[in-house]
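Asker: Here's my sequence, what's the structure:
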Amino acid sequence: MELSALKDKIPEKVYAAIEDEVHTLRPAQEKAIDAGLLEGKNLLVCTPTASGKTLVAELAATGMILEQGRKAVYIVPLKALAIEKNKDFKRRYGTFMKIALSIGDLDSADPYLADRDLIICTAEKLDSLIRHHSPWLKQIGVMVVDEIHLLNDPGRGPTLEMLITMLRSVCPGIQIIGLSATIGNPEELASWLDAVLVEDRWRPVQLDKGVYLDGTLSFP
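Answerer: Numbering: from 1, shown residues only. Just a heads-up that it's a prediction; the model follows:
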C-alpha cells in the first residue's frame, strides 16, 4: 500500500510530516490499518524489530489528538528510550502538537502535562501520575505500550498491568496499541486487551541461522 492511499484518512498535517520519509507502507502497517487502526480499534502488533511498529502507534496517537482533541500517552520501559522517542516525535510533529517527556520525579504530579498533547513516559512515572490523581488523565484517548511483553516481567509486569486496567476504567473507549517483537502467547494477550492481533514476519534485513565451528560458518 502506498502512503498516498491514506491521504484522505489521516490528518493533513501528519501526512505532510511523514510523506518525505514514508512512501510505501510496510506489511505490518498495512495490516494494522486493515485491522481498524484508524477506526479506534485496540491492536496488539507483534512483528520483528524495525518492521514499522512505531509508525502504527504514531498514526493512532496523532489522529486522536488532531481529530478528536484528546491526549495520547506513549509508555516505554526505559528512560533512554523515552528520550529517543521524544526527540523523534518532536522532529516530526513538534510544529503542530505539544509533546512532553515525563520521566523524572515520581513524587511530582507534573501539572504542566495538562497542556500537552502527546506524553512520553515510563510505566513507573505514569503510575505516579495516576496516584497523584492528575485530572487530565480522563482526556487520554490513546495509550501506546511499547515492549508490552514486559507484562510477563516479575518486576515491571504488575505495574504495567495495573496501568492498563486503571486507564481502561478511567478513560472509557480508550484505544490501546500494544507493540512487541516477541510475545509467547499473543492470542491470549490480545484477548485480554480486547484487541485485534496483528502479526507479520517481514523485516528490513533478512536473518539467516548458521553454525560456526572451527573457523567455518555453515548454513543449513
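Asker: residues touching residue 2, list them.
Answerer: Counting by C-beta atoms under 8 Å, 6 or more residues apart in numbering, residue 2 makes contact with 23-25. Glycine gets a C-beta too; all of them are placed from N, C-alpha and C.
Asker: Please apply the same query to residue 125.
Answerer: 102-104, 106.
Asker: who wins for neighbours among these?
Answerer: Most neighbours among the contacts of residue 125, by other C-beta atoms under 10 Å: residue 102, with 21 neighbours.
Asker: And the strand or helix carrying residue 120, what does it pack against?
Answerer: Assigned by DSSP states H and E, residue 120 belongs to strand 118-122. When contacts are defined as 3 or more C-beta pairs under 8 Å, 6 or more residues apart in numbering; DSSP states H and E, strand 118-122 packs onto helix 53-68, strand 71-76, helix 79-93, strand 99-102.
Asker: Can I get the helix or strand that it is followed by in CSV, CA atoms only?
Answerer: Counting by DSSP H and E, the element after strand 118-122 in chain order, helix or strand, is helix 123-131. Coordinates of each C-alpha in helix 123-131 appear next as CSV, following Å, rounded to 0.1, in the frame of the first residue of the first chain:
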residue,chain,number,x,y,z
ALA,A,123,5.3,2.9,33.3
GLU,A,124,6.6,4.0,36.8
LYS,A,125,6.1,7.7,36.0
LEU,A,126,2.5,7.1,34.7
ASP,A,127,1.8,5.0,37.8
SER,A,128,2.9,8.0,39.9
LEU,A,129,0.7,10.4,37.9
ILE,A,130,-2.3,8.1,38.5
ARG,A,131,-1.6,8.0,42.2
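Asker: so where is this protein shaky, pLDDT-wise?
Answerer: Within the chain, no range satisfies pLDDT under 70.
Asker: if we can go back for a sec, specify the angle between the strand holding residue 120 and strand 71-76 in degrees.
Answerer: With axes from the mean of the first three to the mean of the last three C-alpha atoms, to 10 degrees defining the directions, strand 118-122 sits at 30 degrees from strand 71-76.
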